[in-house]
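Trainee: One predicted model, sequence on top.
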Amino acid sequence: MPCSKKPDYLQSLLLLQWPLSYLAIFWIVQPLLVCLLFTPLWLLPALYFVWFFLDWKTPNQGGRRSAWVRNWRIWTYFRDYFPITILKTKELPPSRNYIMGVHPHGLLTYGAFCNFCTESTGFSKIFPGITPHLATLSWFFKIPIIRDYLMAKGVCSVSQPSIDYLLSHGTGNLVGIVPGGVKEALQSMPNTTTLILQKRKGFVRTALRHGAHLVPTFTFGETEVYDQLVFHEDSWIFKFQSYFRQIFGFYFCFFYGQGFRQGSFGLLPYHRPIVTVVGEPLPLPHVENPSPEMVDKYHALYMDALKKLFDQHKVQYGFPDTQKLLFL
């Protein structure tokens, strides 16, 4: 059920800045840079584009995070809009590296972003010595300025070279991966607990190759903040969504939430609590070339651990005791 929280217009505006900032960079700042090339200030954008091409390896080599950006005060308003919290169930010793499974994807992964890409929920204090990275689509890092904004918050490319680099340079690195990917966004509806995970085993293979521990997480409330219109696979709208995904790498979803006024419809998410529960790390051996049977074994163990984590906390966070976690 929607929360009865009174509307806070400042929180709503600062929440909107998150998606709107990327649109502003893409549609305003980038065209402005190109236009400046034909003015007396041409040297400024020219230097940036030269640096952009020389710096192309950075997204695959740990990125360029900024403590200043991660600690912006606007993220506390972002957090308090829902609100968003993180719950630690076990320690993550900084002497190891970790791959964290982020479930579910939701529509805009509010919980994962707030908890792992900002310090508004106190990640560094809760898990001292751990450096979090949230992996996302690689093509974002080919877009000028947007790639720098993403890296400043600790976002990294989901490409294999990027993850390999983070897991092979020192310890205390945590890479958050959403195994369900953009396809799972189409499963994002209130009261559903369906994850696309049955055949998503690449993250387990990568963890074995580096001896990284697997950390299951489940974000309760992530799929509750929007309603979505879902279409049959034979419909022309679903085919359009699939075609859109082939071109841009993500699905065009038809969703709605609330407006600025309480009880109105709009594109703002509902005021519903989001809680990311971080489970116990699953130790994996270091195997350079894991066999398919070994990958299957630890993938099954990971799914069992995730199911156990969900079952332990589902009633506390609003699901009935009979609710099951389903894997597709």
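Mentor: It's in. Computed from a prediction, not measured in an experiment: that's the story for all the values here.

Trainee: just for the protein, where's the confidence low?
Mentor: Within the chain, the stretches with pLDDT under 70 are 1-7, 247-252.

Trainee: Name the nearest residue to T193, sequence neighbours excluded.
Mentor: In space, and not counting its chain neighbours, T193 is closest to L325: 5.1 Å by Cβ to Cβ, 6 or more residues apart in numbering. Backbone N, C-alpha and C define where each C-beta goes, glycine included.

Trainee: I figured that neighbour was touching K307, is that so?
Mentor: Yes. The criterion here is Cβ atoms under 8 Å, and L325 meets it with K307 at 5.1 Å.

Trainee: pull the longest strand from the protein.
Mentor: strand 213-220 (DSSP state E).

Trainee: now the farthest one out in this structure, which residue is it?
Mentor: Relative to the average C-alpha location in the chain, and by Cα atoms, centre = their mean, no residue lies farther out than P40, which sits at 40.7 Å.

Trainee: can you pull the contacts of it?
Mentor: By Cβ atoms under 8 Å, 6 or more residues apart in numbering, the contact set of P40 is empty.

Trainee: who has more neighbours, L325 and K307?
Mentor: Under the criterion of other Cβ atoms under 10 Å, the comparison of L325 against K307 puts L325 first, with 20 against 17.

Trainee: ranges for the strands of the stretch 51-200 of the chain?
Mentor: Applying DSSP state E, counting those that start in this stretch to the stretch 51-200 of the chain gives strands spanning 84-88, 98-101, 131-136, 155-157, 173-177, 194-195.

Trainee: So for T276, which of the ones you listed sits nearest?
Mentor: strand 84-88 (4.8 Å; Cβ to Cβ).

Trainee: secondary structure class for the residue farthest from the centre of the chain?
Mentor: coil (DSSP: H, G, I helix; E, B strand; the rest coil).

Trainee: got the contact list for the closest residue to E184 other than its chain neighbours?
Mentor: Nearest residue to E184, sequence neighbours excluded (Cβ to Cβ, 6+ apart): H105, at 3.9 Å. Counting by Cβ under 8 Å, 6+ apart, H105 makes contact with V178, G180, G181, V182, E184, A185, Q187, S188, E222.

Trainee: what about 10 Å?
Mentor: By Cβ atoms under 10 Å, 6 or more residues apart in numbering, the contact list for H105 reads 112, 178-188, 195-196, 219, 222-223.

Trainee: L44 touches V50, doesn't it?
Mentor: No. The pair L44 / V50 is not scored as a contact, 11.1 Å apart, by Cβ atoms under 10 Å.

Trainee: Name the residues linked to F218 by a beta bridge.
Mentor: Beta-bridge pairing of F218 under DSSP bridges involves V277.
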